[in-house]
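Novice: I would like the atomic coordinates for the input below:
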Amino acid sequence: MILFFGTRPGKKETKALPNVTCPYCHQTGALTVVAQPNYAHLFWIPLFTINNVRYAECSHCKKVYYKEEFTPEMERALSS
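Specialist: Numbering: from 1, shown residues only. Alright, predicted model coming up:
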């Protein structure tokens, strides 16, 4: 019997942070947060979430901030 087991990325969710300033280039309103889950699947059916990748990208300077690098200002904007 053959089993097809693996991982696959889920649907990306994006959210703009309009009142947050980029710590690198100091532009306000240029940050966008992207969240993308990764699923374990069996026969191409998602079973459970393995992890959820979250990062913010500045559209002005193209700097990427991973979840561990989020400033308190970014965290407050995401929770509201």
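Novice: What's opposite Tyr55 in the beta bridge?
Specialist: Judged by DSSP bridges, the bridge partners of Tyr55 are Val34, Tyr66.
Novice: Who are the contact partners of it?
Specialist: Shown in contact with Tyr55 (Cβ atoms under 8 Å, 6 or more residues apart in numbering): Val33, Val34, Val64, Tyr65, Tyr66, Lys67. (Each C-beta comes from the backbone N, C-alpha and C, glycine too.)
Novice: Name the SS class of Arg76, please.
Specialist: Here Arg76 is helix, with the state taken from DSSP: H, G, I helix; E, B strand; the rest coil.
Novice: and it, how many neighbours?
Specialist: The tally of other residues near Arg76 (other Cβ atoms under 10 Å) stands at 13.
Novice: Repeat that for Gly29.
Specialist: Per other Cβ under 10 Å, the neighbour tally for Gly29 reads 14.
Novice: all numbers from here: first residue = 48
Specialist: Sure, I'll start counting at 48 from here, so that last one is Gly76.
Novice: surely it meets Cys105?
Specialist: No: applying Cβ atoms under 8 Å, one finds Gly76 not in contact with Cys105, separated by 10.1 Å.
Novice: can you list the weak-confidence ranges in the chain?
Specialist: By pLDDT under 70, the chain has no low-scoring segment.
Novice: any chance you could map the strands in it?
Specialist: In the chain, the segments counted as strands under DSSP state E are 52-56, 60-64, 78-89, 92-105, 111-113.
Novice: Tell me which of these sits most buried.
Specialist: Mean neighbour count (mean count of other Cβ atoms under 10 Å) peaks for strand 78-89 among the strands of the chain, with a mean of 16.
Novice: and it with strand 52-56, angle?
Specialist: Strand 78-89 runs at 160 degrees relative to strand 52-56, counting by axes from the mean of the first three to the mean of the last three Cα atoms, to 10 degrees.
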